[in-house]
Each structure stands twice: as C-alpha cells, then as structure tokens.
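Participant: I'll drop the sequence and a predicted model, then ask my questions.
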Amino acid sequence: MAAAATTEQDQTIVIRPPKGFAGLGLTDLWRFRELLLFLTWRDIKVRYKQTLLGAAWAILQPFLTMIVFTVVINKIGRVHTPIPYPLFALSTLALWYYFSNSVSLTSASLVGSSALITKVYFPRISVVLSPILASLVDFCLAFCLVLGTMAYYGFAPPVHALLVPLFVVLAGLMALGLGLVLSALNVSYRDIRYAVPFVLQLWLFASPVGYPGSAIPEKYKLLYTLNPMTGVVEGYRWALLGTDHVRPLHLGISLGTAFVLLLGGALYFSRAERSFADVV
Amino acid sequence: MSSELAIEAHGLGKRYLLGERGRSPLRRNREELWALRDVELQIERGNAVGVVGHNGAGKTTLLKILSRITAPSTGEARIKGHVGSLLEVGTGFHPELSGRDNVYLNGAILGMRRREIKAKFDEIVAFAEVERFIDTPVKRYSSGMYVRLAFAVAAHLEPDILIVDEVLAVGDASFQRKCLGKMGEVSHEGRTVVFVSHNMAAVRSLTSKAIWLDHGRVAADGPTGDVVSEYLASTIDEEVSGVVDLRENASRGTVRKFTADRVRFTSVSLLDPDDRPALAFGEGSPLRVDLRFDVREPVRFLELYVRVKSIEGQRLFASYAGQVESTIYPGRYRSICEIPENPLRPGRYVIELVARAADPEDIVPTAVVFAVEAGHLEEENLRYATRADGLIRVRSTWTGFERDDSPAGALEREPRLVGP
C-alpha cells in the first residue's frame, strides 16, 4: 500500500500519503504468498460447508444448465451442432461457470473481507486472486464430467486439446481484470452487487456457449465479434472439440481486452486500495 | 544501549471526510475531521510504549497507520523491522473451519510462516486450553474458547515490532492475567511494543514510556508514570456538591453493568466528621459512605459492598455489609458504611458500589472519586513512606538498630520462632 520501499536487509518501511501509481505491491504479494495459498485453501474448504450435496454443486450447475439448454436451444430453438449437443454445451458451460463464478466471487471479495482489511495489513490483491484460484477446483470437477460425457459419446479429443489450459488461463485473466475493477468499485458503490449477477446472465446468452458462432444472424455479427468472451469460448471449443475455427480477429479482441482490463484494473485497484480500509 | 529508532514519524496526520459516501460523488465540500494531526513519534528499538487517551483521540488511527492498514493524509513514518499488528483478536477466523485450520489461517494472516506455525502449534493449543476441541468448527466454541484460541495464536507471533490495540479487554480474568504475563514476556525480550489500552495498570506495568493522544494531537510524551498521571488527572472532573446522583447515568462513569431492575443505587455521598458531604479527606481520617438505593421488588439475601479502588482501577479493599436474610420490601433505603480510619495514602481514589442478591443487581464501577490529602500522622514510619511505596498504610513497629556481630553461621539457627 502507500509508498512501501522494503529491502530484505534492514527492512525499513516508509509510510507516506499516497501519490500517483504506487504499484500493485507484487513484491509484497510474493512475501505474502503463503497467505494467498491459505486464503485459496479456505475458499475451497468453506465453499460447500454445511451443504447436503457438497462439491457436487460444481458439477450440477453446468449439468442442469446443459439440460435446460438442450431443451430450449437444441430442441425448441432447433440450433444444430456438428457434435452431440449435450457434449457441445456442457464443455463450454464448464468454462463459462469458471469465468462467471470467478467474476461474481471476486467482485464481492473486498467487501466480504472487510473484517480483514480494516484490521490487518496484507496485499489486498490476494483477496481478489484467491476466488479465481479456488474456482479452478470447481472447473476441474466440472471438466471431469465433460471428459466422462466425451467417453459416453465415444468422442476422442484432438491433439490440440493440450492447448485447453491456455484458454482457461485466458478466461481466468479476463475475470481477474474485471474482478480488480468491480471489487474496488463495490467498496464505494454497492450497486455492483446487484448489477454483476444480472450482467453475467445476459453475457452468457450473448456468448457462443450454448450455440455455435455460425448460428448468429448477419446483423448481430458485429456485436458478436466485439464480445471479448467470443474468442475465448471459440478458441476453447476448437482446442477441446475441434469444431470451431480460431478466428484471429476474435482471439485478438479477447487478448486485447484481457490486457486492457488487467492493466486498467491494476491501475484503478492500486489507486482505490489506499482508502479501502476507510471506506469499506 | 543503542538509540536506534524502530519507529519514527513526522507530522503524521489523518483526515476523514464526514457524511455519507456514495450518494452524490460530485459533491466535494464535505465536512472534514482530523483524526490525527502533526504527530511526532520517536520510538527506540526494544522499548515498550503505551498509547493512552480518550475514546476518539486517534489511538486506533495511529496504530492503523503504523501497521499500514490505512494511509496517512500528511507526514511520514519510518518503520524498521518486521511489524506484527494485533488490532483485534481472531481477525480472519472462519466460523466453519476447525480450530486447527483457523490457527493456520489466522497465523498466516498475522504474517507467520507455515513452518513457524507448525513448530508452535502444540504450544498455541496448550496455551489456549482447547486441546479436546481442536478439530471442532470454531462456530461451536464458547466465546471464551474462541477468544483464548485467537489470543494464543497472536501471542506466539514474533515480530520485531508488535502493535497491540485494546485486545486484553477480552476473556475472563484468569485468562487476562495470562495474556498480561505473555505481553510482559514479549516486552522484556527486547522487542519493540506499541500498546494501546484503557487499563492504566496494564500500561504502567508493561511499558516504560507513554504517549497521551488528545483530539488527534500528542498531549504528552515521556516516562509512563508521568504521562499516565497527567492523563488521569485530566479525565476526572471535580464533583462540586459531593453528592453524586446515580438515578440516571448522569455523572461520568456511572455506567451500569447490570439492569438494576430490582435494586438500584440512587445516590452516594462521602461524609466528613461533621456529616457534611465532602470529596477530600485527611490521611487517616474517618470515611463514611452514605448510600441511598431503591428497592423495586421484594428481595431476599441482599448484600451490599463498598469497594475502594485506585484511580487505575486496582481494587484496594472492600467493605461488606453482610447478607440481609429477611425479605426487603420495595421502598427507598439508606445505608451508611463507616471506615473509622482510612488506610489510604494521599492521592485519588474511586468508590465502587455493588448490590447483589444471588445475582448481581446493580454495580456502579465509578460511583464517586475522592481525594486523600496528606495529614499529620503521629507515627514516624507512617509519615515518611511515600505513595510510591504503596497505596495502603499499615501500622507497624520496628525494633533494634544495632550492629549484628554474631558469626554468619548463626543464621542457620534462625528463625527461632518458627516450628512447633
């Protein structure tokens, strides 16, 4: 926080009123790396405490949504896919839930940790990072279901399925960029709490999660292209199932947006960070 | 020893804007409040420093700035060494997690390494006395167990500089003593400690220097004894009439701990030998406490106590009226407690009133503050011992002031008076 110059030798910390960009405190984040791991471990351990179904929720969310999608989009909407629709939808829903859970958990993270923030010093960014890391566990569980479904349909993944982790990381970075901005905004303006779930819901339908990009009518193509999640979802499905193409434009927009979000998020977060303890 | 500074601050200030945030982000002319203003600090390595002051004087704000929780608005502070801050007991405890998990989590939050926690784990659990429940979620703990475990983790923190806010005000009396002991150890190990407390006895016993903050500014800075006395002198207004009205929580300090539904003190005064209310008494003069109280419902086994405390809150002695076995019916009552010869050294003292009938009915911790003034006592040894030697005076006699020429071995035959 503030201007904190530390050297390992005599460790003199200088505390001053904040001026300009003070950095994200990445050196501090490294020094407190064990705390980040503990927070992540706490998030994982606590998430499904005192629930009947426990970690099964990580699988049920995408699974039940897939059933709804199969009925509404595939059967009623008559959108057809080159591979069995349940597999098509389930695979991307797993990724989508990783992204959307990460965004909603991170945006609430700072306010949720207000007891910590007002009582202890630690790099604030670790609270934002831990839900993104913890949600990876949910993703892995859901991904097992995807692999099981693949086996059920006798579908062999292509060789470039090895690239899947790259797209998962891209989704995580996008969520982090958004999370930095939203969590900091949420400290001052609790409107975020109401807006985020709603926007995420709309975003799910605007992204090619339950339908292929080819199903988009011509007049909505521009909007479709500008959606930063389009490139992530298409790329992921290409890697895992080999159905879509990776369109450089879409992927470029995704990468660019993730970069801008991370940079802007970091700047905004580091500015807002100084007053968290006073405002939250 | 070396006068190396562990903490140094110049012109430290913190400004808060008053009013609700979020309504109109464009309105800029909100009222401002300086919680801390132009604070200068120099704390040498290895010193234990107390911070005293009224509520809202900026004590916690200062600690928050020094522990980097919030940034100052002006000035600069330099801190040399690893800081561990303890502004609250049990920060980051998660109710769903077991005691074991919370020890690790809380330790990490306070800045301990996993290795460190692992090494001290058994010690922490033993200190907290929760061995049997260590794998139970802490939400099932009693509040005492919860606090003990939380303090135990914090007590095993080993930073160069320890910053502690009013955390000793938790837990039961015996655990508080244990915590004070632990804190004493820490301050004697040569670590730098900054300690905020309203418990002046704790500040006196744990720290050698103190800072008195008043409305965000440093009002005094120096040896603990001087600063604490100066601060205490400022906190107690002189009562004018000598009769303290206890019906409402009108006068300062008549905060009740119990509802006082059945028995309630209504007023208290101290009477001088001429039966007039007074607030200053000569050393050794009689002290009479005139109590008035209302009984609102019939009570049996009523007990009344008058406790005399030092200004730091240390109980010196009590006078107990004895249990009234018959039923006392509703009405207004008066009772006088007489101490024929008060044993107090010159200084200021506090009277605490207690009414109890099986359960505590009414306790007024600071019913009245009075002074004992130096008088003319006959015995030499009473006259010459100072307040620093103790607050209570007792009669004693000394005999002999001669050379002892007996051989050293003679001591082995002593003491003659002991034994059957």
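Facilitator: Cool, the structure landed.
Participant: use CA for all of it now, contacts and neighbours both
Facilitator: Noted.
Participant: domains in chain B, as residue ranges please.
Facilitator: B:5-235, B:243-373 (automatic domain parsing).
Participant: Which one, of those, ends up nearest to chain A?
Facilitator: When the domains of chain B are compared for distance to chain A using CA to the nearest CA, the nearest one is domain B:5-235, at 4.4 Å.
Participant: and the closest one, does that touch chain A?
Facilitator: Yes: on the criterion CA under 8 Å from any CA of the partner chain, domain B:5-235 is in touch with chain A at B:21-22, B:64-82, B:85-88, B:91-92, B:96-97, B:104-105, B:108-111, B:113-114.
Participant: Quick one: buried ones out of these?
Facilitator: Neighbour counting over those (16 or more other CA atoms under 10 Å in any protein chain shown) leaves B:64-82, B:85-88, B:91-92, B:96-97, B:104-105, B:108-111, B:113-114 as the buried ones.
Participant: taking the residues of domain B:5-235 next to chain A one by one, which sit in strands?
Facilitator: With strands defined by DSSP state E, the entries of these inside them are B:74-80, B:85-86.
Participant: Could I get the CA-only coordinates of stretch B:311-324 as PDB?
Facilitator: What follows is stretch B:311-324, C-alpha atoms only, in PDB (Å, rounded to 0.1, in the frame of the first residue of the first chain):
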ATOM      1  CA  ILE B 311      -7.600   5.600  40.100                       C
ATOM      2  CA  GLU B 312      -6.100   2.900  37.800                       C
ATOM      3  CA  GLY B 313      -8.900   0.600  38.700                       C
ATOM      4  CA  GLN B 314      -7.000  -1.700  41.000                       C
ATOM      5  CA  ARG B 315      -9.200  -2.900  43.900                       C
ATOM      6  CA  LEU B 316      -7.600  -2.000  47.200                       C
ATOM      7  CA  PHE B 317     -10.100  -3.200  49.800                       C
ATOM      8  CA  ALA B 318     -13.800  -3.700  50.200                       C
ATOM      9  CA  SER B 319     -16.300  -3.400  53.000                       C
ATOM     10  CA  TYR B 320     -19.100  -5.900  53.100                       C
ATOM     11  CA  ALA B 321     -22.400  -5.200  54.800                       C
ATOM     12  CA  GLY B 322     -23.200  -8.800  55.400                       C
ATOM     13  CA  GLN B 323     -26.200 -10.700  54.000                       C
ATOM     14  CA  VAL B 324     -29.700  -9.500  55.000                       C
END
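Participant: And the average pLDDT for it is what?
Facilitator: Stretch B:311-324 carries an average pLDDT of 85.
Participant: for that stretch, which positions count as buried?
Facilitator: Judged by neighbour count using 16+ other CA under 10 Å, the buried positions of stretch B:311-324 are B:311-313.
Participant: of those, closest to B:Ala57?
Facilitator: Closest approach to B:Ala57 among the buried residues of stretch B:311-324 (CA to CA): B:Glu312, at 19.1 Å.
Participant: where does that closest one fall, phi/psi-wise?
Facilitator: With angles defined as degrees, to the nearest 10, B:Glu312 shows backbone torsions of phi -80, psi -10.
Participant: elements contacting the helix or strand hosting B:Val364?
Facilitator: Assessed by DSSP states H and E, B:Val364 sits inside strand B:359-373. Packed against strand B:359-373 by the contact rule (3 or more CA pairs under 8 Å, 6 or more residues apart in numbering or on different chains; DSSP states H and E) you find strand B:263-271, strand B:280-282, strand B:347-357.
Participant: Which residue would be the closest one in the stretch 51-200 of chain A to chain B?
Facilitator: Nearest residue of the stretch 51-200 of chain A to chain B: A:Tyr121, at 5.0 Å (CA to the nearest CA).
Participant: which residues does that residue contact?
Facilitator: For A:Tyr121, the contacting residues are B:67-69, taking CA atoms under 8 Å, 6 or more residues apart in numbering or on different chains as the criterion.
Participant: Now the residues you listed in a markdown table, please, with extra columns for pLDDT and distance to B:Ile392.
Facilitator: Compiled in a markdown table, these are given as follows (pLDDT from 0 to 100; distance: CA to CA, whole Å):
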| residue | pLDDT | distance to B:Ile392 |
| --- | --- | --- |
| B:Ser67 | 89 | 41 |
| B:Arg68 | 88 | 45 |
| B:Ile69 | 89 | 45 |
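Participant: of those residues, closest to B:Asp122?
Facilitator: Proximity of these to B:Asp122 (CA to CA) peaks at B:Ser67, which lies at 28.1 Å.
Participant: all helices for the chain, in order.
Facilitator: Just going to use chain A. Residue ranges of the helices in chain A, as given by DSSP state H, are A:26-31, A:33-47, A:56-69, A:85-112, A:114-117, A:125-152, A:164-188, A:191-206, A:221-226, A:228-241, A:248-273, A:276-279.
Participant: The chain in question should be chain B.
Facilitator: Secondary structure of chain B (DSSP H): helices at B:59-66, B:99-109, B:114-128, B:143-155, B:173-188, B:200-206, B:224-235, B:380-384.
Participant: what's the closest of the ones you listed to B:Arg356?
Facilitator: Distances from B:Arg356 to each of these were compared by CA to CA, and the smallest falls on helix B:173-188, at 19.7 Å.
Participant: Alpha carbons of that closest one, as PDB, please.
Facilitator: Presented in PDB, the C-alpha positions along helix B:173-188 are these (Å, rounded to 0.1, in the frame of the first residue of the first chain):
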ATOM      1  CA  ALA B 173     -10.000 -12.600  34.500                       C
ATOM      2  CA  SER B 174      -7.600 -15.500  34.800                       C
ATOM      3  CA  PHE B 175      -7.000 -15.600  31.100                       C
ATOM      4  CA  GLN B 176      -6.500 -11.800  31.000                       C
ATOM      5  CA  ARG B 177      -3.700 -12.300  33.600                       C
ATOM      6  CA  LYS B 178      -2.200 -15.000  31.500                       C
ATOM      7  CA  CYS B 179      -2.200 -12.600  28.500                       C
ATOM      8  CA  LEU B 180      -0.700  -9.800  30.500                       C
ATOM      9  CA  GLY B 181       2.100 -12.200  31.600                       C
ATOM     10  CA  LYS B 182       2.700 -13.100  28.000                       C
ATOM     11  CA  MET B 183       2.800  -9.500  26.900                       C
ATOM     12  CA  GLY B 184       5.200  -8.800  29.700                       C
ATOM     13  CA  GLU B 185       7.500 -11.500  28.400                       C
ATOM     14  CA  VAL B 186       7.300 -10.000  25.000                       C
ATOM     15  CA  SER B 187       8.300  -6.600  26.200                       C
ATOM     16  CA  HIS B 188      11.200  -8.000  28.200                       C
END
